[in-house]
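this is a predicted model, with the sequence first.
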Amino acid sequence: EICGGGRIVAVRRAFLVSVRRTPDDRSRGTPLSSFARMPTGAIFMFKAGISFVALLAAAPAIAQDDDIVVTAAGIAQSRDEVGQAITVLDADTIRTRQDVSITDLIATTPGVRWNRSGNIGGVAGVSLRGAETTQTLVLIDGVKVNDPSGIGDGFDFGNLLVGNVRRIEILRGSNSVVHGSQAIGGVINLMTQTPAEGFAANASADYGYSDTLNAKADISGGNGMATGGIGAAYYRTDGISSFARSRGGSERDGYENLTLNARVKLALSEALSLDLRGYYIRSENDIDGFPAPTFALADTPEYVRGDQYIGYAGVNLAMLDGRLTHRAAVTWFRNDRKSYSARGADADYGFEGTTLRFDYEGVYAPVESAKLLFGYEHERPDYDYFDAFGVAGAKGNIDSVNILAIVQPFDGLSVTGGVRHDDHSQRSEEHTSE
């Protein structure tokens, strides 16, 4: 078992109690136990979890279909319609793997390569099919979270833990017509639980080596026109020293992460609905630095604090008996990173990246075997940097239009083609076609 920032192999005993109440009043419990090779010195990990689902209606509170994907075209599609390589990690797979970080969870996916600086919480990037890590687009509950203050707008996976993520779709290969130039390598789409009618609650906790605690809980449900859910996940560890013990490293570099998520959907009518989503990550990561006078790597009290805010507000409208649908949304992403020389000191330097986006998508399906997708995006990336010498920053505007056609002339064959045009206020216009 990989446990905590020290990546320690540990003996693990787990017991999970699951109680499900169905219309015919059946219930069941499932004990689980797993063992791994013990290293020198006994290290024990304790896990306790409870899951309770009580249905207020015949429909289950969580409905997932692994044969349906949404990443390829931005709409729900059967896998048979998609001509690209997509790997789906569903809730059962995520629960069985019991990984803490997203990078560890997706590491065994074909075509995925990742790197991380130091222990859990360190800067991490993911590459798909050999592309640069900055060419991987990341979505969290439908919001693009690539950081305009990062190198090449790349997303830092270091603080992205599994928490209450219920589903991950990994699309390998270019998908720039739908998602833009950031998706040259591919797309990683993370989704929290989609609430439905009924009631569901889950909670679990792990405790182990290096005072490591990993706890999470969520609750969701609804009835009638409103459904919603909220969740929280907390992780902390004393960690180990990133500075090698053979060179005198002894100070442990700890890590702490709090993640919150929420979703609400209001069905105003059969054709009109409102969708609200939120996601927040707060982290603190102890690091080693390069102190004077030698400026060589050594144990230091330095740490990095991060705050990530993600928001989504969308309206969905269906017309012509569902043959024509519209989705308009405003999304907001902000990533604040500040570095401190010691606890109680002012920040030495920091980065602030913000992206405000308006997104429209229309889908027209005149017949079942043909769909025409058309969309418009206006994006406003903004970043600021500060240190002892001053403040710097930049802003931009990006306008994009795209059109995509999906045709199935007969069973077993699906043809997709499209074009995209991007107009960047600080660069020349760009066209993409597939």
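Yes, it's here.

how about the secondary structure of the nearest residue to Gly118 once chain neighbours are set aside?
Counting by CB to CB, 6 or more residues apart in numbering, Ser242 is the residue found nearest to Gly118 once chain neighbours are left out, at 4.5 Å. (C-beta placed from N, C-alpha, C; glycine too.) Recorded secondary structure, Ser242: coil (DSSP: H, G, I helix; E, B strand; the rest coil).

what about Ser242, how many residues close to it?
Residues near Ser242, counting by other CB atoms under 10 Å, number 19.

do I have it right that it meets Gly289?
No. Ser242 is beyond contact range of Gly289, at 10.0 Å (criterion: CB atoms under 8 Å).

ok so, going back, now do the same contact list for the residue nearest to Gly118.
Residues in contact with Ser242 (CB atoms under 8 Å, 6 or more residues apart in numbering) are Gly118, Asn119, Gly122, Gly249, Asp253, Ile287, Asp288.

got the residues you listed as JSON lines, with neighbour count, secondary structure and pLDDT columns?
Formatted as JSON lines, the contacts of Ser242 follow (neighbours: other CB atoms under 10 Å; DSSP: H, G, I helix; E, B strand; the rest coil; pLDDT from 0 to 100):
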{"residue": "Gly118", "neighbour count": "21", "secondary structure": "coil", "pLDDT": "79"}
{"residue": "Asn119", "neighbour count": "23", "secondary structure": "coil", "pLDDT": "82"}
{"residue": "Gly122", "neighbour count": "20", "secondary structure": "coil", "pLDDT": "88"}
{"residue": "Gly249", "neighbour count": "17", "secondary structure": "coil", "pLDDT": "70"}
{"residue": "Asp253", "neighbour count": "27", "secondary structure": "strand", "pLDDT": "85"}
{"residue": "Ile287", "neighbour count": "21", "secondary structure": "coil", "pLDDT": "85"}
{"residue": "Asp288", "neighbour count": "19", "secondary structure": "coil", "pLDDT": "81"}
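
surely Pro409 meets Val367?
No. Contact between Pro409 and Val367 fails when scored by CB under 8 Å: they sit 11.3 Å apart.

could you list the residues in contact with the strand or helix carrying Asp218?
For Asp218, the element it lies in under DSSP states H and E is strand 212-223. Residues from elsewhere that reach strand 212-223 (CB under 8 Å, 6+ apart): 3-5, 56-57, 61-62, 100, 163-164, 192-193, 195-207, 227-238, 261, 263, 265.

report pLDDT for the closest residue to Lys216 other than its chain neighbours.
The shortest distance from Lys216 to any non-neighbouring residue, by CB to CB, 6+ apart, is to Ala233 (3.9 Å). Note for Ala233: predicted pLDDT of 97.

do Arg28 as well
Taking Arg28 on its own, its pLDDT is 36.

in what helix or strand does the closest residue to Glu270 other than its chain neighbours lie?
Excluding its sequence neighbours, the residue lying closest to Glu270 (CB to CB, 6+ apart) is Ala318, at 7.8 Å. Using DSSP H and E, Ala318 sits in strand 303-319.

ok, the helix or strand just after that strand: who's next to it in the sheet?
Moving toward the C-terminus from strand 303-319, the next helix or strand (DSSP H and E) is strand 324-340. Paired neighbours of strand 324-340 in the sheet (DSSP bridges): strand 303-319 (antiparallel), strand 347-367 (antiparallel).

would you list these in CSV and tack on distance to Asp90 and mean pLDDT?
Below are those laid out as CSV (distance: least, CB to CB, whole Å; pLDDT from 0 to 100):
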stretch, distance to Asp90, mean pLDDT
strand 303-319, 22, 96
strand 347-367, 25, 95
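
those strands: which one's closest to Gly418?
Proximity to Gly418, assessed across the strands paired with strand 324-340 by CB to CB, is greatest for strand 347-367 (12.7 Å).

pull out the buried residues from the closest one.
Buried residues in strand 347-367, counted by 16 or more other CB atoms under 10 Å: Gly350, Phe351, Glu352, Gly353, Thr354, Thr355, Arg357, Asp359, Glu361, Gly362, Val363, Ala365.

and those, which is closest to Ala394?
For the buried residues of strand 347-367, the nearest to Ala394 is Gly353 (10.5 Å; CB to CB).

my read is that that closest one contacts Gly150, right?
Yes. Because the distance of 6.7 Å satisfies CB under 8 Å, Gly353 is recorded as touching Gly150.

quick check: closest non-adjacent residue to Met191.
Arg167 (4.5 Å).

Asp336: neighbour count?
Residues near Asp336, counting by other CB under 10 Å: 18.

actually Glu270, not the one I wrote
With other CB under 10 Å as criterion, Glu270 counts 8.

doesn't it fall inside a strand?
No. Secondary structure assignment (three-state DSSP) places Glu270 in coil, not in a strand.

that one and Phe199: what is the separation?
If you measure Glu270 against Phe199 using CB to CB, to the nearest Å, the figure is 23 Å.

next: Val70.
25 Å.

right, I'll leave it there.
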